[in-house]
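# what's the 3D shape of this:
(chains A and B)
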Amino acid sequence: MGKRLLEVIGVDLFYGDAQAVWDVSFHVDKELIVALVGTNGAGKSTLLDAISGIIRPEKGKILFSGKSLANMKPEEVVDLGISHVPEGRRLFSRLTVLENLELGAFPSRTRPFLKESLERAFSLFPLLKNRIHQTAGSLSGGEQQMLAIARALMARPTLLMLDEPSLGLAPVILKLMFEIVQALNREGVTILLVEQNVHQTLEIADHVYVLKAGKIELSGGGKDLLRNSDFQQAYLGMKG
Amino acid sequence: MSGFSSFGVFLQILINGILFGGMYGVAAIGLSLIFGSLQIIFIAQGTMMILAAYFTYWAFTLTSIDPFFCFLLILPIFLGIGWAFYVGLFNKVAAAGKNPSLLLAFGLMILLENLMSVAFTPNTRAVTTSYTGLGLSVGDIQISFTRLVVFLISLAATGMVFLFMKKTMWGKAVRGASEDMRAASLLGISPRKVSSLTFAIGIALAGVAGVAVATTYPFDPYFGFVFSLKALIAVAFGGIGSVVGAMLGGVLLGVIESISSYVISGGWADAISYGAFLLVLMFRPQGMFGRIAH
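Numbering: from 1, shown residues only, chains lettered A, B, ... in the order given. Predicted coordinates for the structure are as follows:
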């Protein structure tokens, strides 16, 4: 096929002694927007953590461009071209906006492109340009989310994983956020999106996996699921 | 100023305190970086200073290497020791939490004290160079040449660490990682590398402070613990994780000690500095100098 960028094959994941994910398989094809949706605790973030190398699967495989990510540390995974914007953004709040962005280009593969990447970040997020010497902690929630995405892009990823980018954002900003995700995708960045904001996610996602209690319950095209009556009842609160 | 016989005396005591406090400050920066980034209370910091003081002493006594030149040798050696301590020891217990690291540092302190005592005898040593007695006179005020040079070296070390933290990619990585190690690793920063770098810089600063001790005070193998305590107080004054704050904290502590030993008596200097330490912890746990020092 040559289109598979990421393949997760039959993974079991644990947090401590508690199993969070059971035998989950899914894949992300190049240049698509793929989403994992489901309620809190369904195992979505855990899957991203496993792809990033923060936790290790007890069973199963994770392949990126056909290469196994087993035993890779987070700092090695990002060097392969997978950037992960974790839940809660996790910016360095005492560092300035510029310093946060610079650290995004830390891998030696991406450091030579620092200037170029900064320009790209400021053209995508013009708001940040006026704030470069402010500390990240002083930004508003929406600005912080933009900085988190901009910082992840500094590593010039082929796959960008976003964990709940819409969390806590005002509706106007939220709309902008989804537009930015689409714009990035049009530039050729493959997106793996974890969201609880199901409706907007389905509108933009090429393919969606629905997780429930650590298992994949349903999957399909975003627009198809919007019309699927079982799905509507369970996740969109509509009567079929 | 009723406690002082003249303004000149007050100024003299203030300068003595500032010069002495610079030494606390350098040791405190190391402690502050190690605690701020790794949550390790490196109680052996003062003992590492004494190890550097012995190094300076023996280099001077056996091979006549000038103590201030010795500083250039101690810097890379102590960077290496710091790196080895982290990779060989602290990295292995870091996951177990703060207490095992504190115990390890404490054990290291006792071990080093006794090794030095066996190897070098517990006798008090002092480095006496041809310029040790030199002083500069400005009006009524006497300034010891060695203490002044030591203070300037301390300021230079502070400046270098400050610039490293602000201007270099690795320095920024150290600051970022001290806030959120997980987030740093997701950006490609290796926790092991950034931690060993932080530890190495912290220990190298103990080396700098050790040269300062050797050239200005007599010392013995057990002299280090008091310096660790003083450096901890300076860290509390300056706010954890702040380079400039730790230096200012050290200078403030030096001044408090110097003034209280003159106005009351030498025995009270420690009581007053520990008292000030408690007051700071109770009322300004974020440090005396606020955000400017970061």
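
# Spell out which parts of chain A neighbour chain B.
Contact residues, chain A versus chain B (CB under 8 Å from any CB of the partner chain): A:52, A:54, A:73-75, A:78-79, A:83-84, A:86, A:90-95, A:99-100, A:102-104, A:106-107, A:110-111, A:151, A:155. Where C-beta positions appear, they are placed from N, C-alpha and C, glycine not excepted.

# Among the residues you listed, which ones are in helices?
A:52, A:74-75, A:78-79, A:99-100, A:102-104, A:151 (DSSP state H).

# Next, give me the two most distant ones among those.
Across those, the longest distance by CB to CB is 22.2 Å; it joins A:Ser52 and A:Glu99.

# How about the lengthiest helix in chain B and chain A, touching?
What stands out as the longest helix in chain B, according to DSSP H, is helix B:7-38. No: using CB under 8 Å from any CB, helix B:7-38 stays clear of chain A, coming no nearer than 10.6 Å.

# could you give the angle of the helix or strand just after that helix to helix B:7-38?
Going down the chain from helix B:7-38, the next helix or strand is helix B:45-63, by DSSP states H and E. Computed with axes from the mean of the first three to the mean of the last three CA atoms, to 10 degrees, the direction of helix B:45-63 lies at 110 degrees from that of helix B:7-38.

# Please name every helix or strand in contact with the very next helix or strand once past helix B:45-63.
Reading on from helix B:45-63 to the C-terminus, the next helix or strand found by DSSP H and E is helix B:67-85. Under the contact criterion of 3 or more CB pairs under 8 Å, 6 or more residues apart in numbering or on different chains; DSSP states H and E, helix B:67-85 touches helix B:45-63, helix B:145-167, helix B:191-216.

# To A:Arg227, which of the ones you listed lies closest?
Of all these, helix B:191-216 comes closest under CB to CB, at 46.4 Å.

# can I get the CA coordinates of the helix or strand following the closest one in PDB?
Following helix B:191-216 in sequence order, the next helix or strand is helix B:224-238 (DSSP H and E). This file holds the C-alpha atoms of helix B:224-238, laid out as PDB (Å, rounded to 0.1, in the frame of the first residue of the first chain):
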ATOM      1  CA  GLY B 224      31.800  20.900  54.700                       C
ATOM      2  CA  PHE B 225      28.500  20.200  56.400                       C
ATOM      3  CA  VAL B 226      28.200  23.700  57.800                       C
ATOM      4  CA  PHE B 227      28.700  25.000  54.200                       C
ATOM      5  CA  SER B 228      25.900  22.800  53.000                       C
ATOM      6  CA  LEU B 229      23.600  24.200  55.600                       C
ATOM      7  CA  LYS B 230      24.600  27.700  54.800                       C
ATOM      8  CA  ALA B 231      24.100  27.100  51.100                       C
ATOM      9  CA  LEU B 232      20.600  25.600  51.800                       C
ATOM     10  CA  ILE B 233      19.700  28.800  53.700                       C
ATOM     11  CA  ALA B 234      21.000  30.900  50.800                       C
ATOM     12  CA  VAL B 235      18.800  28.800  48.400                       C
ATOM     13  CA  ALA B 236      15.800  29.500  50.600                       C
ATOM     14  CA  PHE B 237      16.600  33.200  50.600                       C
ATOM     15  CA  GLY B 238      17.000  33.300  46.800                       C
END
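
# Does chain A have contacts with helix B:224-238?
No: judged by CB under 8 Å from any CB, helix B:224-238 stays clear of chain A, getting no closer than 15.2 Å.

# Rounded mean pLDDT for that helix, please.
Here helix B:224-238 scores 94 as its mean pLDDT.

# again with stretch B:178-186
Averaging pLDDT along stretch B:178-186 yields 95.

# That stretch close to chain A?
Yes: counting by CB under 8 Å from any CB, contacts between stretch B:178-186 and chain A involve B:179-180, B:182-186.

# Let me have the residues you listed in TSV, adding secondary structure and neighbour count as columns.
What follows is these, written out as TSV (DSSP: H, G, I helix; E, B strand; the rest coil; neighbours: other CB atoms under 10 Å in any protein chain shown):
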residue	secondary structure	neighbour count
B:Glu179	helix	19
B:Asp180	coil	16
B:Arg182	helix	14
B:Ala183	helix	24
B:Ala184	helix	25
B:Ser185	helix	24
B:Leu186	helix	28
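
# which residues touch the closest residue to chain A within the stretch 1-150 of chain B?
Nearest to chain A, among the residues of the stretch 1-150 of chain B, is B:Gly36, at 10.6 Å (CB to the nearest CB). Listed by CB atoms under 8 Å, 6 or more residues apart in numbering or on different chains, the contact set of B:Gly36 reads B:178, B:240-242.

# Just the pLDDT for it.
Looking at B:Gly36, its pLDDT stands at 90.

# what's the answer for B:Ile256, then?
For B:Ile256, the pLDDT comes out at 94.

# How many residues are close by it?
Neighbourhood size, B:Ile256 [other CB atoms under 10 Å in any protein chain shown]: 20.

# pretty sure A:Ser52 contacts A:His84?
Yes: the pair A:Ser52 and A:His84 qualifies as a contact (CB atoms under 8 Å) at a distance of 4.6 Å.

# between the two, what contacts are shared?
With CB under 8 Å, 6+ apart as the test, A:Ser52 and A:His84 both reach A:74, A:77-78, A:161, B:186.

# Nearest to B:Gly287 among the ones in helices among the residues of chain A next to chain B?
A:Glu99 (21.3 Å).

# So A:Asn71: helix, strand or coil?
Three-state call for A:Asn71 (DSSP: H, G, I helix; E, B strand; the rest coil): coil.

# Would you mind listing the residues in contact with it?
So A:Asn71 contacts A:Arg56 (CB under 8 Å, 6+ apart).

# mind redoing it with 10 Å?
A:53, A:56 (CB atoms under 10 Å, 6 or more residues apart in numbering or on different chains).

# Which residue ranges of chain A form strands?
A:4-15, A:18-29, A:33-37, A:59-64, A:67-68, A:82-85, A:159-163, A:190-195, A:207-212, A:215-220 (DSSP state E).

# contacting residues around the shortest one?
Contacts of strand A:67-68 with the rest of the structure, by CB under 10 Å, 6+ apart, involve A:7, A:61-62, A:80.
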